[in-house]
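*Asks:* model the following, please.
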Amino acid sequence: MKSFQNHLDEEKIVAAIAEVELTATAEIRVHIEKKCPEEVLDRAVEVFASLHMHQTRHRNGALLYIAYQDQKFAIIGDAGINAKVGEDFWDREQKQLAHHFRQGEYTEGICRCIRDIGSELQKYFPYEEEDINELPDDISYGDQ
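*Replies:* This is a model prediction of the structure:
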């Protein structure tokens, strides 16, 4: 993943998040950093909390955490999502994202994952007319 950042199209990723959030009340974030200072799931949970993703009205935030230099990532959802989708959903998404990353398709993999999550969440958290964007759609960064 040496060329990860060079091949990342932030605009496409942010557009994918915005697109999904027009069809579901979900809140999706992508967080990228070079290194994962601890076990990847623990770090993802820590970032999830620091981004206040657990404070959404429907508890339906999802985070794609990526530590590109360590070649680690995790995809996690809040309690509202986890009550609806099974663990196999997250496992499938992780396998698909790993496949794209191995092919060097970083942006495509992230966007596909975002859209898949959105498609699944639309079933349980359809867009509501009074829905507001509770969290920013931009990519957050750690230790750059």
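*Asks:* name the residues that touch the least confident helix or strand in the chain by mean pLDDT?
*Replies:* Lowest by mean pLDDT, DSSP states H and E among the helices and strands of the chain is helix 79-82, with a mean of 90. Here helix 79-82 makes contact (C-beta atoms under 8 Å, 6 or more residues apart in numbering) with 26, 54, 56, 58-62, 121, 124-125. Where you see a C-beta, it was placed from the backbone N, CA and C, and this is true even at glycine.
*Asks:* those: which two are farthest apart?
*Replies:* 54 and 124 (17.5 Å; C-beta to C-beta).
*Asks:* settle it for me: which of the two has more neighbours?
*Replies:* residue 124 (16 against 13; other C-beta atoms under 10 Å).
*Asks:* what pLDDT does that one get?
*Replies:* Note on residue 124: pLDDT of 92.
*Asks:* over to the one 4 residues further on?
*Replies:* We have a pLDDT of 81 for residue 128.
*Asks:* next, it: phi, psi?
*Replies:* Main-chain dihedrals, residue 128, degrees, to the nearest 10: phi -120, psi 140.
*Asks:* count the neighbours of it for me.
*Replies:* If you count neighbours by other C-beta under 10 Å, residue 128 ends up with 11.
*Asks:* so it makes contact with residue 25?
*Replies:* Yes: between residue 128 and residue 25 a contact is recorded at 5.7 Å, counting by C-beta atoms under 8 Å.
*Asks:* done for today, thanks.
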